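# Return a 3D structure for these sequence lines:
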Amino acid sequence: MWRRILPLLPQGAIPAAICLYLLLVLLIDGGGWYYGWKPQILPLQQAGYILLMTMSVAYGLYRVGGFHPIFQYEYREWIKSTPWRFGKPLPFGPVAVTIQDLVFVAVLTGLSLLHEQSTPYDVPSTFLTTYVLGLACAALIIGFFTHAYVIAFGLGFLLMFREAPWAGLIVLTGLYVVGWHALQESLRRFDEWDDGWLADQAFFKFDVTKMQEAAQQKILGWPFDRLSPKRFPVKFTQEAVVAFAALLGWWTYVLARFMPAREEEALLGIVAGITIYAVPGRLAFYLIGYAPPISFLGRFRTGRLIIPGYDYVFLAPLAVLICGPGLAAYAAWQEWDPKLVAPVIIFLETFLIFQGPSIDAWRLTGHHRMVAAASLQFQKKELEQTQ
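Sure, this is the predicted structure:
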């Protein structure tokens, strides 16, 4: 059994040192529990429990990040060069939860029960939460957006059932099934993975030198960088925008439920205050480097107070300004429940902030003037790229 468990455990000096320190703390706490002695120093009482939870988090992330090919660039490229196919064991070990994982989690659970504040659900729930999050990230990267969305949405129920840990464990089990299905389908279509964009993302190679080289290779110089078709490769459909807005609204509702009653009045102000960051961020993303075709005074001299081909970029931010603070103020005046109104405001603000024009349509067809940069520092950098 141990010969099967050890290959799944983290290797190296740091995990070994953590395990040794954990063992020493558990001996102190466990010995005190057995002999009826309780340490008077609070950190000493909780050290073993905190380390157990930390190990559960680390192990959940490690089981996905250390074995899933999408997170291991060299591993993924090596598998492509081998005759491996779906149905065969992965060379580095399975990604799905195995009996060995259950044994290790059971050991951590047994050790956690030495602490008064622990319950039998703590370690399994912590491990499954981080493990399922890892599967969701892998599914999102590969392109299984529906699976990742269901997991992100379902984790909200985990907080909703905070007072019923057994129900939370049932939710996590269901989310694991979703993640497992995404894992199996992604491995089944391993040859079809559209991971060419990962080769351009040096972060997934975990090499600082390669990150710098990749960044330098992408520099085309001004204005060619601005005209590059890959400058902003991410596309947002209306369905994706609605789904993302609903997800943020749902999580706003979940988190608002835990806000103390005396602070509920400030909730609408906080939600409306997000506009302060969302609107300038949207405008900066679109307008930096893209000046209007004529100056502000030129509009008056020519009588062209409104330039549709340029000014339509302000419509979505203007709608957010009206919707966010306006609806929040009206809800406060009508004394509506902030915990119900705040998710609606977040949904509307998110939906509106992602409305058109698309970044590609704006940068390639908008009625604007491309300038090197908005500041001398960025202008110097962009002009140096052409030399």
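# Residue ranges in the stretch 151-300 of the chain under the pLDDT threshold?
Applying pLDDT under 70 to the stretch 151-300 of the chain flags the ranges 195-222, 225, 228-234, 261-265.
# Which element, helix or strand, includes the residue positioned nearest the centre of the chain?
Centroid-nearest residue in the chain, with CA atoms, centre = their mean: residue 137, separated by 7.4 Å. Using DSSP states H and E, residue 137 maps to helix 122-142.
# Would you map out the domains in the chain?
Using automatic domain parsing, the domain ranges for the chain come out as 2-197, 219-385.
# just checking, what packs against the helix holding residue 137?
Here helix 122-142 touches helix 42-65, helix 99-112, helix 145-160, helix 165-188, going by 3 or more CB pairs under 8 Å, 6 or more residues apart in numbering; DSSP states H and E. All C-beta spots, glycine's among them, are computed from the backbone N, C-alpha and C.
# Can you list the neighbours in contact with that helix?
Contact with helix 122-142 is made by 52-53, 56-57, 59-61, 63-65, 68, 70-71, 97, 105, 108-109, 112, 145, 147-148, 151-152, 155, 158, 165, 168-169, 172-173, 175-176, 179-180, 182-183, 186, 193, 195, 198, as judged by CB atoms under 8 Å, 6 or more residues apart in numbering.
# Next up, the contacts around the spatially closest residue to residue 174 that is not a sequence neighbour.
Of all residues not flanking residue 174 in the chain, residue 154 sits nearest, at 6.9 Å (CB to CB, 6 or more residues apart in numbering). Taking CB under 8 Å, 6+ apart, we find residue 154 in contact with 171, 174, 175, 178.
# and the first one, how many neighbours?
Other residues lying near residue 171 total 22 when counted by other CB atoms under 10 Å.
# Kindly indicate whether residue 248 is helix, strand or coil.
Of the three states, residue 248 takes helix under DSSP: H, G, I helix; E, B strand; the rest coil.
# Sort out which residues of stretch 350-362 are buried, please.
Of the residues in stretch 350-362, those buried by neighbour count under the rule 16 or more other CB atoms under 10 Å are 350, 351, 352, 353, 354, 355, 357, 362.
# OK, contacts around the fourth one?
Residue 353 makes contacts with 278, 279, 282, 316, 317, 320, as judged by CB under 8 Å, 6+ apart.
# hmm, which two among the residues you listed are most spread apart?
Pairwise distances across the contacts of residue 353 (CB to CB) peak at 10.2 Å, for the pair 278 and 316.
# thinking again about what came up before, can I get the contacts of residue 154 in TSV with distance to residue 122?
Output for the contacts of residue 154, formatted as TSV (distance: CB to CB, whole Å):
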residue	distance to residue 122
171	15
174	19
175	18
178	23
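# Among those, which one sits closest to residue 119?
Lowest distance from residue 119 to these (CB to CB) belongs to residue 171, with 16.2 Å.
# from memory residue 257 sits against residue 339, does it?
Yes - the pair residue 257 / residue 339 is scored as a contact, 6.4 Å apart, by CB atoms under 8 Å.
# Tell me which of these two has more neighbours.
Between residue 257 and residue 339, counted using other CB under 10 Å, the more crowded position is residue 339 (18 against 11).
# what's the pLDDT at the more buried one?
Looking at residue 339, its pLDDT reads 84.
# Next, find the distance separating it from residue 159.
According to CB to CB, to the nearest Å, residue 339 and residue 159 sit 14 Å apart.
# likewise residue 122?
In terms of CB to CB, residue 122 sits 15 Å off from residue 159.
# Who has more neighbours out of the two?
Taking other CB under 10 Å, residue 122 and residue 159 do not tie; residue 122 has more neighbours (20 against 14).
# What's the per-residue pLDDT of the more buried one here?
The model reports residue 122 with a pLDDT of 88.
# Distance check, it against residue 91.
Per CB to CB, residue 122 is found 34 Å from residue 91.
# Show me the buried residues of stretch 350-362 that map onto helices.
Among the buried residues of stretch 350-362, DSSP state H puts 350, 351, 352, 353, 362 in helices.
# Relative to residue 341, how far out is the closest residue to the first one other than its chain neighbours?
Counting by CB to CB, 6+ apart, residue 350 lies nearest to residue 245, which is 3.8 Å off, once chain neighbours are set aside. Noted for residue 245: a distance of 15 Å to residue 341, by CB to CB.
# same thing with residue 325?
Between residue 325 and residue 341 the computed distance is 13 Å (CB to CB).
# picking up where we left off before, tell me which of the buried residues of stretch 350-362 is nearest to residue 101?
Within the buried residues of stretch 350-362, proximity to residue 101 (CB to CB) peaks at residue 350, which comes in at 36.8 Å.
# and the spatially most distant residue from the centre of the chain, what does it touch?
Of all residues in the chain, residue 301 sits farthest from the chain's C-alpha centroid, using CA atoms, centre = their mean; the distance is 48.8 Å. By CB under 8 Å, 6+ apart, the contact list for residue 301 is empty.
# Tell me the secondary structure at it.
Look at residue 301: counting by three-state DSSP, its state is helix.
# Test my guess that the residue nearest to residue 350 contacts residue 347.
Yes - at 4.7 Å, residue 245 counts as touching residue 347 under the criterion of CB under 8 Å.
# residues shared between the contacts of those two?
Listed contacts common to residue 245 and residue 347 are nil; contacts here mean CB under 8 Å, 6+ apart.
# Residue 292 - how many residues pack around it?
When neighbours are defined as other CB under 10 Å, residue 292 has 18 of them.
# Spatially nearest residue to it, not counting backbone neighbours?
Once flanking residues are discounted, residue 292 sits nearest to residue 310: 5.2 Å by CB to CB, 6+ apart.
# In contact with the one you found, which residues?
Counting by CB under 8 Å, 6+ apart, residue 310 touches 292, 293, 366, 367, 368.
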